[in-house]
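Colleague: sequence first, predicted coordinates after that:
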Amino acid sequence: MTVPEPFLTPDPRAVADSTIMDFARHVGREGADYAALHRWSVTDLEGFWGAVWEYFDIDADTPYERVMAEERMPGARWFPGSTLNYAHHALRNLADDAVAIIALDETGSCYEVTAGRLRSQVASVAATLRDLGVGKGDRVVGYLPNTPHAIVAFLAAASLGAVWSVCGQDYAPKAAADRFGQLEPTVLIAADGYLFNGTTYDRREATLELAGALPTLKATLLVDHLGLPWPSQAYPSPRIPWEDADTRTEKLACTPVPFDHPLWVVFSSGTTGLPKGIVHGHGSVLLEHLKTLGLHSDLGPGDRLLWYTTTHWMMWNLVASTLLTGATTCTYDGSPAPFAKLDVLWELAARHRVTVFGTSPQYLLGMAKFGIDPSGHDLSSIRVVGCTGSALPASAYPWVRQYVGDHVLLASISGGTDVVSGFAGSAPNTPVWAGELSAPHLGVALAAYDAEGFPVVDRVGELVVTRPMPSMPLYFWNDPDGTRYRDAYFSVYPGVWRHGDWITVTSHGSVIVHGRSDSTLNRNGVRLGSADIHDVVERLPEITEALVIGAEEPDGGYWMPLFVVLAAGATLDETLREKIKETIRTDVSPRHVPDEILEVPGIPHTRTGKKLEVPVKRLLQGTPVEQVVNPAAVDAPDLINYFARLGARRGGRSA
């Protein structure tokens, strides 16, 4: 098969100066191309990950006995015997007067946090948490927008060996409590609100409601982000102003913990019920993020990263981890394209000399659709445009070249909250093919499997990982025997990680992502479970049942319809449509209001009563019924044909 011409071939001078090539020289593989380096990284796991440890100078309080004690999946054991602390590494690489964080928002305003100030804030908040009884293994949770407060709170918790979890304030209190309640947290840290598209959202009452739903709290730390006065009524737990918590004069002391001590809990989208709490460890995140940010994104001292994200998306975790490399990270509060200034992110990137700019496919496609020309800003500092959340269509690549720069590495990335990192993407020494991810990431033994569990090339298959990664979850929260964990990833191909994406591994080494093979909603890179929407919509008296679907389309768009079954006497008029939208906007998330609300005669289920979300999605994408579901296994087979006809009328526009 003829290898297609790359859209971009790396500049040899940039390759020679990159961190990944310095790493290759360090491990004695100076002449190796990326493919050879990757083969070594997945065939010699101990050699590769031991080299990552050494190259990035991991400062362990206790050395490791060996790189891997066991290689099985699940259950691989990495760097046994070692003790360290993530927060220590995040705070060690910048001089006191260097800028650690630049806080930005959609109005264009900003302020800087120096490394010295960041260390003093982390020490102060850590001391406040310690005074509240927080120690190793206790949980600290944040209901916060993407501002420096979230990074400070996270690092303070991590420095004590406490376990962190955070979600954005566009989550309704119930949705946040569904996540945090599982953790039985000791302290909640919450802001008075956030900014989005020209509107300030007051979340003071929401914070009060959330605190009331968490009976284990010893205290709530209240952040004055918008400057709104907090209500005078008593909280269920003592409340402490943030300015009291972060202005103490304290000495930072990071508690050494085992390599696999829990660092944070990130949550699945909750498609089939309560969101699953996914636990990652101090050491595993440290190594994985140094590899991803340091080698693949080429971040180091003097660089600046601006990646649009919310705190409940895994990209926030990478934004925080930028500090590990000695680079400056930018937080951003607001809409990525506010009505008042659609190109504000590009303006900020130019003003602050950002070197790595991160976004979603929908953002880049929207820029092109609305005729935005950011080239009026000086974007010469941008070296990498990272893009993740869904597959970036080939049509977006020329826009980036024309308006951002022909020197820019456009790095389309696919990964997951599950490993809080990437499976495939680009590196400074990989070619870029439009519409494709350049290669599997280093240390990721990625393949496409057919239904029988055989690897396939140049054919669509399931994304699998055949050898362990350090950042595979330690476990799921409240899953003592590991049953839910094994069922999530290892039930289809025993001993092999199945992620839930359809991919093609090409004969020239790239990866093409075709979309999720499960029913997670993924709009603008922000993932959400359908169950959250079903729950609130089905509470309305006019609705007996609902089904929401997110379908990727060939042009890179994303169609998210909501199908409703009406109660007797109800009519789906504009009044009811607006009521449904407002309910979702208020009780779940304003970013997941559906594109369309359509009345249907019923929702198909399995014989055991489970909604057929994935089959309906595939029918709407034009997949023939016989390839989707066995009608005999459905409670109402005629509904399968109904959705198939609907998909045919749409012309199978989704892909």
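Modeller: Good, I have the coordinates.

Colleague: and the next helix or strand past the lowest-mean-pLDDT helix or strand in the chain?
Modeller: The helix or strand with the lowest mean pLDDT-type score in the chain, counting by mean pLDDT, DSSP states H and E, is strand 526-528 (a mean of 68). As assigned by DSSP states H and E, the chain's next helix or strand after strand 526-528 is helix 530-537.

Colleague: distance from the chain centre to that following helix, please.
Modeller: Distance, stretch centre to chain centre, for helix 530-537: 21 Å (C-alpha atoms, centre = their mean, to the nearest Å).

Colleague: ok, E347 to R650 distance?
Modeller: As judged by C-beta to C-beta, to the nearest Å, E347 and R650 stand 38 Å apart. Heads up, the C-betas are built off the backbone N, CA and C, glycines and all.

Colleague: no, scratch that, I was asking about A177
Modeller: From A177 to R650 the distance is 37 Å (C-beta to C-beta).

Colleague: do the same with L160
Modeller: Distance from L160 to R650, by C-beta to C-beta: 53 Å.

Colleague: more neighbours, the two?
Modeller: L160 (24 against 16; other C-beta atoms under 10 Å).

Colleague: now do the helices in the stretch 301-450 of the chain.
Modeller: 314-321, 344-351, 361-369, 397-403 (DSSP state H, counting those that start in this stretch).

Colleague: compare those helices and give me the one nearest L379.
Modeller: Of all these, helix 344-351 sits nearest to L379, with 5.6 Å by C-beta to C-beta.

Colleague: look at E243 and say how many residues are nearby.
Modeller: Using other C-beta under 10 Å, E243 is surrounded by 10 other residues.

Colleague: just to revisit the earlier point, how about JSON lines for the helices of the stretch 301-450 of the chain, with mean pLDDT, distance to H605 and mean neighbour count added?
Modeller: As requested, these are exported to JSON lines (pLDDT from 0 to 100; distance: least, C-beta to C-beta, whole Å; neighbours: other C-beta atoms under 10 Å):
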{"stretch": "helix 314-321", "mean pLDDT": "96", "distance to H605": "31", "mean neighbour count": "25"}
{"stretch": "helix 344-351", "mean pLDDT": "98", "distance to H605": "43", "mean neighbour count": "21"}
{"stretch": "helix 361-369", "mean pLDDT": "85", "distance to H605": "31", "mean neighbour count": "20"}
{"stretch": "helix 397-403", "mean pLDDT": "95", "distance to H605": "42", "mean neighbour count": "17"}
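
Colleague: the spatially closest residue to I503 that is not a sequence neighbour in helix, strand or coil?
Modeller: Nearest residue to I503, sequence neighbours excluded (C-beta to C-beta, 6 or more residues apart in numbering): L463, at 4.6 Å. Following DSSP: H, G, I helix; E, B strand; the rest coil, we place L463 in the strand state.

Colleague: in contact with L463: list those residues for me.
Modeller: By C-beta atoms under 8 Å, 6 or more residues apart in numbering, the residues touching L463 are S414, F423, L446, A448, R498, H499, G500, D501, W502, I503, V513.

Colleague: bridged to it, which residues?
Modeller: Taking DSSP bridges as the rule, L463 bridges to A448.

Colleague: tell me the confidence at the residue of the chain positioned farthest from its centre?
Modeller: For the chain, the residue at maximal distance from the C-alpha centroid (C-alpha atoms, centre = their mean) is G569, at 42.2 Å. With respect to pLDDT, G569 scores 92.

Colleague: likewise for L619?
Modeller: L619 is given a pLDDT of 89.

Colleague: that one and T186, how far apart?
Modeller: Taking C-beta to C-beta, one finds L619 at 47 Å from T186.

Colleague: now swap in D192 and tell me
Modeller: Note on D192: its distance to T186, by C-beta to C-beta, is 22 Å.

Colleague: flag the shaky bits of the chain, pLDDT-wise.
Modeller: Scanning the chain for pLDDT under 70 picks out 1, 235, 269-273, 515-520, 525, 527, 529, 607-609, 632-633, 651-655.

Colleague: residue contacts, the closest residue to G405 other than its chain neighbours?
Modeller: Distance criterion C-beta to C-beta, 6+ apart; nearest residue to G405, sequence neighbours excluded, is L379 at 6.0 Å. By C-beta under 8 Å, 6+ apart, the residues touching L379 are W346, A349, A350, V404, G405.

Colleague: now the residue nearest to the first one when sequence neighbours are not counted: how far from T325?
Modeller: This means W346. Closest residue to W346 apart from its sequence neighbours, by C-beta to C-beta, 6+ apart: P374 at 3.6 Å. Look at P374 and T325: by C-beta to C-beta, they are 26 Å apart.

Colleague: follow-up on the earlier one: now the residue farthest from the centre of the chain, what's its secondary structure?
Modeller: Judged by three-state DSSP, the three-state class of G569 is coil.

Colleague: for P631, give its distance to S438.
Modeller: Distance from P631 to S438, by C-beta to C-beta: 42 Å.

Colleague: so for these two, which sits in the more crowded spot?
Modeller: Between P631 and S438, S438 has the larger neighbour count (other C-beta under 10 Å), namely 28 against 15.

Colleague: phi and psi next, for that one.
Modeller: phi -60, psi -40 (degrees, to the nearest 10).

Colleague: ok, I543 - contacts?
Modeller: Taking C-beta under 8 Å, 6+ apart, one finds V537, V564, V565, L566, A567, A570, I580 in contact with I543.

Colleague: which of these lies closest to I151?
Modeller: Nearest to I151, judged by C-beta to C-beta, of those is V537 at 34.8 Å.

Colleague: K136: neighbouring residues, count only.
Modeller: 12.

Colleague: check contacts around it.
Modeller: L160, G161, A162, T255, V257, H261.

Colleague: which of those residues tops the neighbour count?
Modeller: A162 (27 neighbours).

Colleague: which of the contacts of K136 lies closest to L8?
Modeller: Closest to L8, out of all of the contacts of K136 and judged by C-beta to C-beta, is H261, at 40.8 Å.

Colleague: is it true that that closest one touches G161?
Modeller: Yes - judged on C-beta atoms under 8 Å, H261 makes contact with G161 at a distance of 6.3 Å.

Colleague: re earlier: redo the contacts of L379 as a markdown table? Include distance to Y363.
Modeller: Shown next, in a markdown table, are these (distance: C-beta to C-beta, whole Å):
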| residue | distance to Y363 |
| --- | --- |
| W346 | 11 |
| A349 | 13 |
| A350 | 16 |
| V404 | 12 |
| G405 | 17 |
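
Colleague: which residues in the stretch 101-250 of the chain form strands?
Modeller: 110-114, 139-143, 163-167, 187-191, 193-196, 199-202, 219-223, 239-241 (DSSP state E, counting those that start in this stretch).

Colleague: kindly report the same for the stretch 251-400 of the chain.
Modeller: Using DSSP E, counting those that start in this stretch, strands in the stretch 251-400 of the chain cover 257-258, 262-267, 277-281, 304-307, 328-333, 356-359, 384-387.

Colleague: end-to-end on stretch 452-462?
Modeller: 11 Å (C-alpha to C-alpha, to the nearest Å).

Colleague: in it, what counts as buried?
Modeller: V456, G461, E462 (16 or more other C-beta atoms under 10 Å).

Colleague: I597 pairs with what?
Modeller: L562.

Colleague: part of a helix, is S41?
Modeller: Yes - applying three-state DSSP, one finds S41 inside a helix.

Colleague: what number of residues lie near it?
Modeller: Using other C-beta under 10 Å, S41 is surrounded by 24 other residues.

Colleague: okay, it and G75: tell me how far apart.
Modeller: Taking C-beta to C-beta as the measure, S41 falls 21 Å from G75.

Colleague: and what of D202?
Modeller: When C-beta to C-beta is the yardstick, D202 and G75 sit 46 Å from each other.

Colleague: now G509
Modeller: 30 Å.

Colleague: try V465
Modeller: Counting by C-beta to C-beta, the gap from V465 to G75 is 14 Å.

Colleague: I am finished for the moment; much appreciated.
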